[in-house]
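Visitor: My questions concern the predicted model and sequence given below.
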Amino acid sequence: MKRTNYCGDIKKPLIGTKQTLCGWVNSYRNHGGVLFIDLRDRTGFVQVVIEPANKEAFAVAEELRNEYVICVSGAVNARKEGYVNKNIPTGEVEVVADTVEILNTSIALPFDINTDKNVSEEIRLKYRYLDLRNPRMVRNMTMRHRLAQTIRNYFDKNGFLEIETPILTRSTPEGARDYLVPSRVHHGKFYALPQSPQMFKQTLMASGIDRYFQLARAFRDEDLRADRQPEHTQVDMEMSFVSLDDIFAIGEGMMQTVFKAVGEEINTPFERLPYADAMRRFGSDKPDMRYTLEIVDITEIFKKSSFKVFADVLNDGGVIRALYTASSVETFSRSALDKMTDLVKANGAKGLVWLKYKGGKFEGPTTKYFTEEEFLALKNALKVEEGGVVFIGSDKEEISSLYMGALRKELIKFLKIEPAKKWAPVWIVNFPLLTYEPEEDRYDAAHNPFTAPVAEDIPLLDTNPLAVRSYQFDMVLNGVELASGSIRNHRRDLQEKILALMKHSKEESAKRFGMLLNALEAGAPPHGGFGLGFDRLTALLCGEDSIKEVIAFPKTTTASCPLTESPNIVDDIQLKELAIAITDQED
């Protein structure tokens, strides 16, 4: 090795030793004829001193500029009193250079390595090789590596086998559009990049590989946002002969191990919250449980209301829900209340009732429609105190849940409510098995078509499919859906029955899912598992809002890569080999 150590490792115990270091010039200073360089590598930086008495090294050092790549050899000395920098790990020492060698120069860079302020995402991704030198990005990549190794070790210790599943497979309906790959050998036929390893991991269970995992690459051709990428990594696992309790124990153990590895703590067991309760109390199937603010059902209070809006909703089978914020009267100006109303309207509401509690009574434009008995019941139900504000929404249950959930999130943000805890994990359980697509007159899987129904609800598949609960679950952390999984169908007859409700005939089911269906009828054991978003977990632990900040080479929100300029056109000869013709192409 050309170097003896990393820059960030040069600390007090190495005083008196000679070290050879390699890295980038982070900064360059001339103080009274003595040159000071902050030499940086991925572990941090250390101060290098070049004295004028060392003429050869000094002459080389005078040529240095930021981001030059250099090799320095010299003795590690303690910094003089008054020059210690306690803000950095190497701040007690410096390296007095004997030799300085320039390994490469650098052009003037398009932005400062040490900051990403006022640098557009497009520029950062175009010059990603520079952006990745930023200490924050180095920290993120290091964290990602550490988490991956911790997860692999955890599953290995728990008897799982890491098995790779194919990247080139066949197209299957799993909720998003597939990325297709044309075959050169089989003209007119296509591979698909996997949206998940779902069918393969279930087939592994039928193969007797009773504990499988991998850090799997998954590909989805869908509209992007902060927590999505066209290609991402998931921690994928599947187990045979298990219940939900077994899967949750493995998932919680993995999370506890991962958090401990990075100096964090997460409490187990995680709370379990039925989907219906999550929607009623938080208006979301991925609630941020760090905040105590909850939606309260007040339908009973207004069941005899003379307020036409409420009466009409209740006559139509709807519900009335409320959110209460304490000590917030002075915060909510009329314009702020109007913004809250506009927010819920944008999320499907027809309007929003708000009431301020001042001077021992409720105030607001709708107070004339309510009785004293209703006000007293409302005050008691919500524990309203002086200075509080009540927000009331009324609509069909599903619509009401969605817009009251959006309002809850906005109130937390607007009022700057402090979280009650740092980490709030929760399992959301018993999702509906099916949804209904009226335009196609068929049922569809609420999550994926391989989820098993709750055993006691199986008879409802014949009479009321929408009432069937599933063994589907999500792991949610701080309002972020981290993992999704289920107990699977392990019998072919039940799997085909569910596919039939989705209007997949036996022939079509065999064509699309034949590999799995054939495996299910050949002695497949009961099994279940989950896929966890590795990028999302890493982003949370790094304190990042976007998974792009923890992926080395991500795409933009248009699914393009400024660094490689992909996607791009290919040569005509390549298209000819694939028997593909471009019929309409813009320049």
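Guide: Sure thing, it's come through.
Visitor: Report the beta-bridge partners for residue 353.
Guide: Residues in a beta bridge with residue 353, per DSSP bridges, are residue 392.
Visitor: My read is that it contacts residue 367, right?
Guide: No. In this structure residue 353 lies outside contact range of residue 367 using CB atoms under 8 Å: 9.7 Å. All C-beta spots, glycine's among them, are computed from the backbone N, C-alpha and C.
Visitor: any shared contact partners between the two?
Guide: Common contact partners of residue 353 and residue 367 (CB atoms under 8 Å, 6 or more residues apart in numbering): none.
Visitor: Of those two, which one has the most company?
Guide: residue 353 (21 against 13; other CB atoms under 10 Å).
Visitor: could you list every residue that touches that one?
Guide: 309, 364, 366, 391-394 are the contacts of residue 353 under CB under 8 Å, 6+ apart.
Visitor: In PyMOL, select just the buried ones from the residues you listed.
Guide: Buried subset of the contacts of residue 353, written as a PyMOL selection, criterion 16 or more other CB atoms under 10 Å:
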select buried, resi 309+364+391+392+393+394
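Visitor: The residue nearest to residue 159 when sequence neighbours are not counted pairs with what?
Guide: Closest residue to residue 159 in three dimensions, ignoring its sequence neighbours and counting by CB to CB, 6 or more residues apart in numbering: residue 211, at 5.2 Å. Counting by DSSP bridges, residue 211 is bridged to residue 239.
Visitor: who's in contact with residue 211?
Guide: Residue 211 touches 155, 158-161, 237-240, counting by CB under 8 Å, 6+ apart.
Visitor: make it 7 Å
Guide: By CB atoms under 7 Å, 6 or more residues apart in numbering, the residues touching residue 211 are 159-161, 239.
Visitor: what do you get for residue 556?
Guide: Counting by CB under 7 Å, 6+ apart, residue 556 has contacts 121-122, 125, 562.
Visitor: Now with 8 Å, please.
Guide: 121-122, 125, 224, 562.
Visitor: what's the helix or strand for it?
Guide: Using DSSP states H and E, residue 556 sits within no helix or strand.
Visitor: Next one: it from residue 334, what distance?
Guide: 40 Å (CB to CB, to the nearest Å).
Visitor: Can you list the low-confidence ranges for the chain?
Guide: Where the chain drops to pLDDT under 70, the residues are 173-175, 226, 585-587.
Visitor: Run through the neighbouring helices and strands of the longest helix along it.
Guide: Longest helix in the chain by number of residues (criterion: DSSP state H): helix 135-157. If you count contacts as 3 or more CB pairs under 8 Å, 6 or more residues apart in numbering; DSSP states H and E, helix 135-157 packs onto strand 161-162, strand 211-219, helix 244-261, helix 534-542.
Visitor: May I see the buried residues of it?
Guide: 137-138, 140-141, 143-144, 147-148, 150-152, 154-155.
Visitor: What's the local residue count around residue 514?
Guide: 12.
Visitor: Wait, a strand at it?
Guide: No. Counting by DSSP: H, G, I helix; E, B strand; the rest coil, one finds residue 514 to be helix, located in no strand.
Visitor: With distance to residue 577 as added columns, please give the buried residues of helix 135-157 in TSV.
Guide: Listed next are those as TSV, based on distance: CB to CB, whole Å:
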residue	distance to residue 577
137	39
138	42
140	40
141	37
143	42
144	37
147	41
148	37
150	44
151	40
152	39
154	45
155	41
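Visitor: and stretch 389-406, how far apart are its ends?
Guide: In stretch 389-406, first residue to last residue: 17 Å (CA to CA, to the nearest Å).
Visitor: chain center to that stretch, what's the gap?
Guide: Centre-to-centre, stretch 389-406 and its host chain are 26 Å apart (CA atoms, centre = their mean, to the nearest Å).
Visitor: For that stretch, buried residues please.
Guide: Quick answer for stretch 389-406 (16+ other CB under 10 Å): 389-395, 397, 399-406.
Visitor: what's the answer for stretch 108-115, then?
Guide: Quick answer for stretch 108-115 (16+ other CB under 10 Å): 111, 113.
Visitor: Now do that stretch: everything it contacts.
Guide: Contacts for stretch 108-115 (CB under 8 Å, 6+ apart): 24, 26, 66-67, 119, 123-124, 127, 130, 133-135.
Visitor: before we move on, back to that, most packed of the helices and strands packed on helix 135-157?
Guide: Using mean count of other CB atoms under 10 Å, the stretch among the helices and strands packed on helix 135-157 with the largest mean neighbour count is helix 534-542, at a mean of 23.
Visitor: what's the offset of it from the middle of its chain?
Guide: Chain-centre distance of helix 534-542: 6 Å, with CA atoms, centre = their mean.
Visitor: So which elements touch it?
Guide: helix 135-157, strand 231-240, helix 244-261, strand 480-487.
Visitor: between the ones you listed, which one is nearest to residue 410?
Guide: Between residue 410 and the helices and strands packed on helix 534-542, the shortest gap by CB to CB is with strand 480-487, which sits at 17.5 Å.
Visitor: Is residue 115 in a helix, a strand, or coil?
Guide: coil.
Visitor: how much space between it and residue 251?
Guide: 38 Å.
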